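Enquirer: Could you look at this predicted model? Sequence included:
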Amino acid sequence: MFHTFKTFLFSLLVTVSAFAQIEKEIAPPYNIKTVSFVQNGQNIVPIFKLGDSFQLQFDDLFGNEANYYYQFVHCDYDWKPSQLSKNEFLQGFDDQRIQDYTNSFNTLQVYSHYKVQFPNKNTQLLVSGNYMIKILNEDREVVFSRKFIIYEDLVSVPMQVKRARTVQDVNYKHNIDFSVKSTTVLFQSPLKNVKILLLQNGQLNTGITDIKPMYTIGNDLIYKYDSETQFWAGNEYRYFENKDIRAATNNVGKIDSNGGIYNAHLYTDNARAKNQYTYSPDFNGNFVVKNLNVENNEIEADYAWVFFSLSAPAYYGKSDIYVTGMFNNYAFTPEYKMDYNETKGIYEKAIMIKQGFTNYAYAIADKNGKIDAENAIDGNFYQTESNYFGIVYYRENNQRYDRVIGKGLASSTDITN
């Protein structure tokens with residue numbers, strides 16, 4: 001009888017997990033800006049080693065010191081909630097109020113700056129895997145959510161960026177060769193139990209998944225594919241800099257303060273797909289919050305309306321074009337969708353961005369957020385410098401969640417044929 005009940009319970013769990021909803025990031029509302037994961041004072045791609053400390057920071061433009069709370073969801077490889085109960089992946093409690101917040105100082109745009117550090121005295125994450133952090137308001141409604149990954153350092157992932165193996169793509173794509181090696185983990189059924197996530201510059205929305213090892217040598221898993229591990233190479237990110245918010249420098253054409261806060265009008269960008277590749281060092285989509293004249297950038301850096309304009313005649317009337325980068329988590333929401341100005345014959349968008357140094361790109365995406373990388377506005381060039389991450393997931397037989405057991409990193413500056 002007991003055995004039957006156990007079997008029933010197990011099959012119920014499997015059924016529930018099979019029909020669990022995939023966790024999707026919820027983009028923040030207009031008043032929440034500059035959401036970032038911070039480690040050692042730097043805004044970074046959110047892939048953290050188990051036990052390392054990191055912060056989540058964001059600004060609320062209402063500036064009214066509202067109460068915000070955080071919750072965690074532990075997810076499997078496919079971003080469905082895992083079978084682990086909260087006390088199995090978390091020591092202490094979540095659903096805690098964020099207590100570290102400060103109002104902006106000496107800025108035209110008022111805001112409250114929030115930050116919360118993990119692990120903290122209330123909350124420690126116990127296991128590796130995919131995580132979703134949800135920020136809730138006083139009514140326990142989700143205001144926004146963000147994905148991040150916690151890994152254990154149990155395997156090495158040597159990676160090499162190569163030019164595409166297919167002749168027609170050789171000038172336009174990067175191919176990732178890699179292997180998974182471990183002296184501590186003896187892989188059980190690696191074809192079934194080991195899963196890989198490949199990321200270009202840390203962008204989770206364009207990651208490559210579901211790649212099996214091509215072959216194994218002893219306990220080493222080898223991945224040497226022609227097309228399955230290829231990314232469109234893209235182009236270097238564009239940038240603007242307004243560390244001195246009153247000065248027109250570095251791609252800022254003019255500054256004014258009509259409407260109460262500073263307006264930074266960028267020079268009109270031209271589509272670069274038909275141009276030759278030109279080297280332009282970038283920050284791989286990242287940004288730095290910086291006000292040259294202050295001590296504490298978190299609360300003394302101001303916001304400006306940044307006016308983007310793009311001349312891309314080949315795309316007129318055919319595609320939705322968005323301004324993207326880590327500054328907005330590559331979100332394809334109306335706030336970042338460009339409008340076509342028929343009188344001027346250009347795409348335009350004004351976005352409120354915290355001052356500093358900001359990388360951005362123009363992306364074509366359909367209504368579902370699917371990116372058209374092949375027809376990228378700025379083209380695809382194998383010379384483009386990008387960082388590639390290889391994340392290794394492993395679930396032993398009878399284990400109830402997908403561990404992340406290692407991370408690899410490679411740069412296309414070392415590209416080979």
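Expert: Perfect, thanks for sending it.

Enquirer: Just the strands from the stretch 301-417 of the chain, written as ranges.
Expert: 303-311, 321-324, 339-341, 346-354, 356-364, 387-394, 403-411 (DSSP state E, counting those that start in this stretch).

Enquirer: could you give the angle of the last one to strand 387-394?
Expert: Angular relation of strand 403-411 and strand 387-394 on a 0 to 180 degree scale: 160 degrees, by axes from the mean of the first three to the mean of the last three Cα atoms, to 10 degrees.

Enquirer: Packing partners of strand 403-411?
Expert: Helices and strands touching strand 403-411, as assessed by 3 or more Cβ pairs under 8 Å, 6 or more residues apart in numbering; DSSP states H and E, comprise strand 129-136, strand 142-151, strand 159-163, strand 173-180, strand 387-394. In short, each C-beta sits where N, CA and C put it, glycine included.

Enquirer: what residues are up against G325?
Expert: 237, 285-287, 358-361 (Cβ atoms under 8 Å, 6 or more residues apart in numbering).

Enquirer: In TSV: those, plus neighbour count.
Expert: Converted to TSV, the contacts of G325 look like this (neighbours: other Cβ atoms under 10 Å):
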residue	neighbour count
Y237	24
G285	23
N286	20
F287	21
T358	26
N359	21
Y360	25
A361	21
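
Enquirer: what about stretch 195-207, average pLDDT?
Expert: Per-residue pLDDT over stretch 195-207 has a mean of 96.

Enquirer: Sorry, slip of the keys, the one I care about is stretch 400-414.
Expert: Mean predicted confidence for stretch 400-414 is 96.

Enquirer: ok so, going back, quick check: of the contacts of G325, which lies closest to N270?
Expert: Nearest to N270 among these is A361, at 14.0 Å by Cβ to Cβ.

Enquirer: any idea how far that closest one is from M352?
Expert: The gap separating A361 from M352 is 18 Å, by Cβ to Cβ, to the nearest Å.

Enquirer: about what we covered before: what about the helices and strands packed on strand 403-411, which gets the closest to L61?
Expert: Of the helices and strands packed on strand 403-411, nearest to L61 by Cβ to Cβ is strand 142-151, at 12.8 Å.

Enquirer: Tell me which residues of the closest one come out buried.
Expert: Using 16 or more other Cβ atoms under 10 Å as the test for burial, strand 142-151 gives 143-151.

Enquirer: cool, stretch 35-49 as well?
Expert: 35-38, 43-48.

Enquirer: can you list those in a markdown table and add secondary structure, distance to Y70 and pLDDT?
Expert: Putting the buried residues of stretch 35-49 into a markdown table (DSSP: H, G, I helix; E, B strand; the rest coil; distance: Cβ to Cβ, whole Å; pLDDT from 0 to 100) gives the following:
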| residue | secondary structure | distance to Y70 | pLDDT |
| --- | --- | --- | --- |
| V35 | strand | 12 | 98 |
| S36 | strand | 15 | 97 |
| F37 | strand | 13 | 98 |
| V38 | strand | 15 | 97 |
| N43 | strand | 18 | 95 |
| I44 | coil | 19 | 96 |
| V45 | coil | 20 | 97 |
| P46 | coil | 14 | 97 |
| I47 | strand | 19 | 98 |
| F48 | strand | 15 | 98 |
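
Enquirer: Does V194 touch I222 like I think?
Expert: No - the criterion here is Cβ atoms under 8 Å, and V194 misses it with I222 at 11.8 Å.

Enquirer: Can you pick out the residue with more neighbours from those two?
Expert: Using other Cβ atoms under 10 Å, the more surrounded residue of V194 and I222 is V194, with 23 against 14.

Enquirer: List the residues that contact the residue nearest to the more buried one when sequence neighbours are not counted.
Expert: Counting by Cβ to Cβ, 6 or more residues apart in numbering, V194 lies nearest to Y394, which is 5.4 Å off, once chain neighbours are set aside. Counting by Cβ under 8 Å, 6+ apart, Y394 makes contact with 185, 187, 193-195, 402-405.

Enquirer: Ok, K24 next?
Expert: W79.

Enquirer: Quick one: mean pLDDT for stretch 226-239?
Expert: 96.

Enquirer: That should have said stretch 295-315, apologies.
Expert: 95.

Enquirer: Now it: buried residues?
Expert: Quick answer for stretch 295-315 (16+ other Cβ under 10 Å): 297-310, 312, 315.

Enquirer: Likewise for stretch 56-71?
Expert: Quick answer for stretch 56-71 (16+ other Cβ under 10 Å): 56-61, 63, 68-71.

Enquirer: where's it relative to the chain centroid, distance-wise?
Expert: When distances are taken as Cα atoms, centre = their mean, to the nearest Å, stretch 56-71 is centred 20 Å away from the chain's centroid.

Enquirer: Ok, stretch 223-241 next?
Expert: The answer for stretch 223-241 is 15 Å, by Cα atoms, centre = their mean.

Enquirer: So what would you say the end-to-end distance of it is?
Expert: Length of stretch 223-241, first residue to last, Cα to Cα, to the nearest Å: 40 Å.

Enquirer: on that earlier part again, looking at the contacts of Y394, which one is closest to N201?
Expert: V404 (18.9 Å).

Enquirer: Number of residues surrounding the closest one?
Expert: When neighbours are counted by other Cβ under 10 Å, V404 comes out with 24.

Enquirer: what's the answer for Q21, then?
Expert: 8.

Enquirer: Confirm that it sits in a strand.
Expert: No - assessed with DSSP: H, G, I helix; E, B strand; the rest coil, Q21 is coil; it does not lie in a strand.

Enquirer: So what does the residue nearest in space to the middle of the chain have for phi and psi?
Expert: Nearest to the mean C-alpha position of the chain, counting by Cα atoms, centre = their mean, stands Q203 at 4.4 Å. Main-chain dihedrals, Q203, degrees, to the nearest 10: phi -80, psi 110.
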